[in-house]
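Enquirer: Structure for this input, please:
(chains A and B)
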Amino acid sequence: MTEVTFAVARDVAWVDAEAAGGTGAHVFLAKLPDGPPRVLSGPAWAIWMALAETAGSVDQIVTVTSELTGQDPEGIRSDIESFLARLLTEGLAVRSGRP
Amino acid sequence: MPDALSDAPLPTAVRVHLAHAVVQRIADDAAVDLLHLKGPALLPGLRPPGRKSSDVDVLVRPAHYARLEEALARRGWEAHTHLQTGSAFAHAANWWHSDWGYADLHARWPGAMVSPEDTFDALAEHAFDHDIAHVPCRVPGKVAQVLVLLLHAARTTGSTDARYVWDTQTLEEQAAVTALAQRLQAQVGLASALGDLDSYRDDPSYALWRYYAEGGSRIDEWRARYAAAGGRAERWQVVRSALTVNPDHLHTTLGRAPTTAELRRAQLTRVTTLLGDVRRAVTLRWRARRGSTR
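Expert: Numbering: from 1, shown residues only, chains lettered A, B, ... in the order given. Purely as a prediction, here's the structure:
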């Protein structure tokens, strides 16, 4: 069985607020070339950063998100799965492999 | 999940980063060669501390310029100024998008006297992909980045960027920048950036670079532009520009397209103001000359 992994879609531009000289847990992103620009804050920011860092499985994304937020992995797992599904629907993330 | 995927106003720095990526993608789709300049396109260390960009600057391969304009227009961008009216050097047009803000599309880089196509080729020679907003954007090599910054600083009255950039280069890097300036016939602009403009007192563009370095009156600017113009046609263009209202600038000032009546009024004001400036300049010169002969 191939492991299912998730990654940021190649046609998405994104900027972590702190990397652009700002403050706070926000990431701004846009699907190229038309956008619209979107912002992810709080837990959504953490999931995005975990997705970008790992380009990995749900388990890996849950682990990194948990480290970033300090929350119990099992307590946030379903939220993360729902959020990943939404990112896929909007074309902001891609999935590889089959369950 | 709270706070997920909401629309929000973009902080300026974030908007500029995303706009670079958007312009690169549009250029890729239209098979347009361009180079991202300044701001987030710079290599670490070339940007003076605390300096932030408010718009995107790209140098476009001249043969691809019209294609990029068409592609941008198809994606909802609007031209705010045009090449001939955008600046004294007629080198760039300013485009705007409601989400991404402003982008300056340069067809050439002021200071380089070789052809725009040769300028692009030289600046692109060591170009590489540099991630902006996690999207690979084409930027010039380091030596070209430094020269571009220096020539830009030379056009910015009171800028201290040139000294910062130059002083942080090694002697070898400075020599490479000087060599590139020679290749592009950009020695006068480089000299102006480095405070050595007087070495080029006899150059036709001397007064224009001095005007940009030190500032001056509108009359000073027009005289300098006239002196720097290459031939009869260019000089006539300068005279025409001096006497004619720039509709792009009026559009920007008003925040909308000017009416015919507003254009006429602005035209009358411009000619009247210019004549007043000329009268004052002539009077001052005459008084100065009379004073010196006494």
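Enquirer: Every contact and neighbour count from this point should use C-alpha atoms.
Expert: Will do.
Enquirer: can you give me the strands for chain A?
Expert: A:5-8, A:12-16, A:26-31, A:38-41, A:93-96 (DSSP state E).
Enquirer: Using a markdown table, please lay out these together with distance to B:Asp131 and mean pLDDT.
Expert: Supplementary listing: the strands of chain A in a markdown table, determined by distance: least, CA to CA, whole Å; pLDDT from 0 to 100:
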| stretch | distance to B:Asp131 | mean pLDDT |
| --- | --- | --- |
| strand A:5-8 | 15 | 97 |
| strand A:12-16 | 10 | 96 |
| strand A:26-31 | 14 | 95 |
| strand A:38-41 | 20 | 93 |
| strand A:93-96 | 19 | 96 |
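Enquirer: Tabulate those (TSV), appending distance to B:Arg74.
Expert: Conversion of the strands of chain A to TSV gives the following (distance: least, CA to CA, whole Å):
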stretch	distance to B:Arg74
strand A:5-8	26
strand A:12-16	20
strand A:26-31	17
strand A:38-41	22
strand A:93-96	26
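Enquirer: closest to B:Ser53 out of those strands?
Expert: Set against B:Ser53 and scored by CA to CA, those come closest in strand A:12-16, at 15.2 Å.
Enquirer: Check which helices and strands the closest one is in contact with.
Expert: Packed against strand A:12-16, as judged by 3 or more CA pairs under 8 Å, 6 or more residues apart in numbering or on different chains; DSSP states H and E, are the following elements: strand A:26-31, helix B:12-29.
Enquirer: how about a cut-off of 10 Å?
Expert: Secondary structure elements in contact with strand A:12-16, counted by 3 or more CA pairs under 10 Å, 6 or more residues apart in numbering or on different chains; DSSP states H and E, are strand A:26-31, strand A:38-41, helix A:43-54, helix B:12-29, strand B:128-132, strand B:135-139.
Enquirer: closest to B:Val114 out of these?
Expert: Judged by CA to CA, the one of those that comes nearest to B:Val114 is strand B:135-139, at 20.3 Å.
Enquirer: hmm, who's touching the closest one?
Expert: Contacts made with strand B:135-139 from outside it, assessed by CA atoms under 10 Å, 6 or more residues apart in numbering or on different chains, are listed as A:10-14, A:32, B:17-18, B:20-25, B:28, B:33-38, B:41-43, B:58-59, B:123-124, B:126-132, B:145.
Enquirer: SS state for the nearest residue to B:Tyr102 once chain neighbours are set aside?
Expert: Using CA to CA, 6 or more residues apart in numbering or on different chains and skipping the chain neighbours, the partner closest in space to B:Tyr102 is B:Trp96 (4.4 Å). The three-state label given to B:Trp96 by DSSP: H, G, I helix; E, B strand; the rest coil is strand.
Enquirer: Name all residues that make contact with B:Trp96.
Expert: B:Asp55, B:Leu72, B:Ala73, B:Gly76, B:Trp77, B:Glu78, B:Ala79, B:His80, B:Thr81, B:Tyr102, B:Ala103, B:Asp104.
Enquirer: and those residues, which two are the farthest apart?
Expert: With distance counted by CA to CA, no two of the contacts of B:Trp96 lie farther apart than B:Asp55 and B:Ala73, which are 17.5 Å apart.
Enquirer: Sounds good, over and out.
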